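[1] I would like to see how this sequence folds:
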Amino acid sequence: MGLDQRANRLIVFLIFCLITVVCFAQEKPPFLKSDANKNKEYEFLYNEVVNSKVSQLEKINQRIRLASTYKKQKDVLVALEEKLSLTGETAALHYLIAGTNGIIALQTSQFFSIPYVKAMMENFNLSLKIDPEYVPSYEGYVEALCMVPSLLGGDLNLAKQLAAKLEQMSPVEGHFAQGFIAKTLRDETAAKVHYAKAFDLLIQINFCDVDLSNFFASKSMNFPYKIAEVSAHFEIASTIGVCAIDYFIENYTPLYNLPLEWAYFRKAQLHLKLEEDAKAKRWINKALEINPNFKQAKQFKKNHQRRL
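    Below you'll find the model as predicted:
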């Protein structure tokens with residue numbers, strides 16, 4: 001085996017070790033994958049879109065929505081890149097391209113993941129060059145910089161700089177980003193301090209009483225889930241966690257890449273913390289109805305069987 005090949009094996013090993021460690025430590029849900037049983041249905045609908053008499057831009061947008069719904073991430077990526085060529089560069093488009101590359105990297109066999117990881121990093125960087133105040137790209141880029149090896153663009157110091165800048169622009173997301181960095185470094189104490197500051201800010205604005213659609217308008221699609229996830233993990237402000245996950249569930253569509261059962265699982269955790277056992281039981285059962293093999297949900301129910 002040549003030196004380059006051995007180096008590639010090492011790089012891939014590092015990527016997957018780091019991603020696995022971070023995801024396991026933070027009990028991250030897996031991204032949804034396409035269902036092979038629906039391939040014919042998808043192909044039929046795809047051909048209908050391709051042959052439809054609409055503008056090229058509308059056709060591309062329809063392909064993006066369709067491929068996102070059926071979790072055909074490579075088709076999503078192709079359509080996004082076509083849209084970029086047609087409409088020109090925007091921070092939002094590069095952000096979407098970065099995120100899609102990231103999902104593909106996680107779902108692709110080891111040797112073929114490297115180009116997607118590189119493309120993810122490049123597009124996060126391009127997004128922030130176009131718009132240095134585009135908050136969703138800060139969120140994604142900070143996490144990527146923490147998880148990806150330096151050989152492929154990972155940079156913990158840059159992650160810290162971006163998190164500090166994000167805190168100045170949008171304090172809640174900034175503290176979440178700094179909390180993520182601390183948790184990646186396995187400093188649970190520092191992570192909790194940053195997350196607690198973020199929740200203090202949410203309490204100050206009466207989070208559960210504000211227009212959440214307006215609050216989340218400029219944030220990443222998964223940010224409501226992140227709030228609930230952190231609230232459950234660190235046992236901080238469970239009521240706010242419930243409000244956030246309720247918003248996520250109410251607005252959930254097939255376009256989302258996080259499994260719905262994980263949202264139900266978080267909701268069950270939060271209700272149990274609030275000593276609302278009947279609600280916790282209802283939502284953990286709903287999670288298991290969707291996915292009877294949901295390991296974390298089964299363990300949660302077993303651990304709290306006297307209450308659930």
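[2] Show me what the helix or strand encompassing residue 189 is packed against.
    For residue 189, the element it lies in under DSSP states H and E is helix 188-204. Helices and strands in packing contact with helix 188-204 are listed as helix 171-184, helix 223-234, helix 238-250; criterion 3 or more Cβ pairs under 8 Å, 6 or more residues apart in numbering; DSSP states H and E. Quick note: C-beta positions are derived from backbone N, CA and C, even for glycine.
[3] Just put those in a markdown table and tack on distance to residue 64, mean neighbour count and mean pLDDT.
    Below are the helices and strands packed on helix 188-204 laid out as a markdown table (distance: least, Cβ to Cβ, whole Å; neighbours: other Cβ atoms under 10 Å; pLDDT from 0 to 100):
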| stretch | distance to residue 64 | mean neighbour count | mean pLDDT |
| --- | --- | --- | --- |
| helix 171-184 | 25 | 23 | 95 |
| helix 223-234 | 21 | 23 | 96 |
| helix 238-250 | 21 | 21 | 97 |
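[4] Format these as CSV; extra columns: distance to residue 66.
    Shown next, in CSV, are those (distance: least, Cβ to Cβ, whole Å):
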stretch, distance to residue 66
helix 171-184, 30
helix 223-234, 23
helix 238-250, 23
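[5] Quick one: closest of these to residue 74.
    Each of these was checked against residue 74 via Cβ to Cβ, and the shortest separation belongs to helix 223-234, namely 24.3 Å.
[6] neighbouring contacts of that closest one?
    Taking contacts as Cβ atoms under 8 Å, 6 or more residues apart in numbering, the residues outside helix 223-234 that touch it are 26-27, 139, 173, 176, 179, 191-192, 195-196, 198-199, 202, 212, 216, 236-238, 240-242, 244-245, 247-248, 251, 258, 262-263, 266-267, 269-270, 273.
[7] looking at the helices and strands packed on helix 188-204, which is closest to residue 145?
    Taking Cβ to Cβ, helix 171-184 is the member of the helices and strands packed on helix 188-204 nearest to residue 145, at 8.8 Å.
[8] any idea how far residue 59 is from the residue most central in space within the chain?
    Using Cα atoms, centre = their mean, the residue of the chain that lies closest to the mean C-alpha position is residue 222, 5.3 Å off. Counting by Cβ to Cβ, to the nearest Å, the gap between residue 222 and residue 59 amounts to 27 Å.
[9] Tell me the secondary structure at residue 62.
    Recorded secondary structure, residue 62: helix (DSSP: H, G, I helix; E, B strand; the rest coil).
[10] Now do the same contact list for it.
    For residue 62, the contacting residues are 49, 52, 54, by Cβ under 8 Å, 6+ apart.
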